[in-house]
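A.B. asks: coords please:
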Amino acid sequence: QVQLVESGGGLVQAGGSLRLSCAASGRPVSGYGMGWFRQAPGKEREFVAAILWSGGSTYIADSVKGRFTISRDNAKNTVYLQMNSLKPEDTAVYYCAATPFRSITTRQASYDYWGQGTQVTVSS
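C.D. replies: Below you'll find the predicted structure:
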């Protein structure tokens, strides 16, 4: 089992920044891909960003490209989502997830482990 715990969410004004963290524990996550997803009120959960744990390759959704970046610190078993130039439409619960796939995947069904989510609220 892999346990994932997100942190760093909160309330921020439009144009501001937040950095989300996802700490992994349990079985080793080396070789696991990691992803961030979000779910806004009344909407389906959607892909935001993904990173390969070993290779460092990343993929960012078009809706946040140029504003969000994903990174990881293998020594700390932690993945980050840096969110800049936040907009009210970025308001959502943000989830971290882990997948055994060895290539970047945006499919939620490919992710076996999920965190509990952290709320991000962007005020206008």
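
A.B. asks: ok, residue 45 - contacts?
C.D. replies: When contacts are counted by CB atoms under 8 Å, 6 or more residues apart in numbering, residue 45 touches 37, 38, 39, 95, 108. No exception for glycine: its C-beta is placed from N, CA and C like everyone else's.

A.B. asks: out of those residues, which end up buried?
C.D. replies: 37, 38, 95, 108 (16 or more other CB atoms under 10 Å).

A.B. asks: closest to residue 89 out of those residues?
C.D. replies: Among the buried ones among the contacts of residue 45, residue 38 lies closest to residue 89 (CB to CB), at 10.4 Å.

A.B. asks: I'd say that closest one and residue 93 touch.
C.D. replies: Yes. Residue 38 lies in contact with residue 93 (CB atoms under 8 Å); the separation is 6.6 Å.

A.B. asks: got any residues that touch both of the two?
C.D. replies: By CB under 8 Å, 6+ apart, the residues touching both residue 38 and residue 93 are residue 120.

A.B. asks: which residues of the chain fall in strands?
C.D. replies: 2-7, 10-13, 18-26, 33-39, 46-52, 58-60, 68-73, 78-83, 92-99, 113-114, 118-123 (DSSP state E).

A.B. asks: tell me how far residue 9 lies from residue 36.
C.D. replies: Remark: distance between residue 9 and residue 36 (CB to CB, to the nearest Å) = 12 Å.
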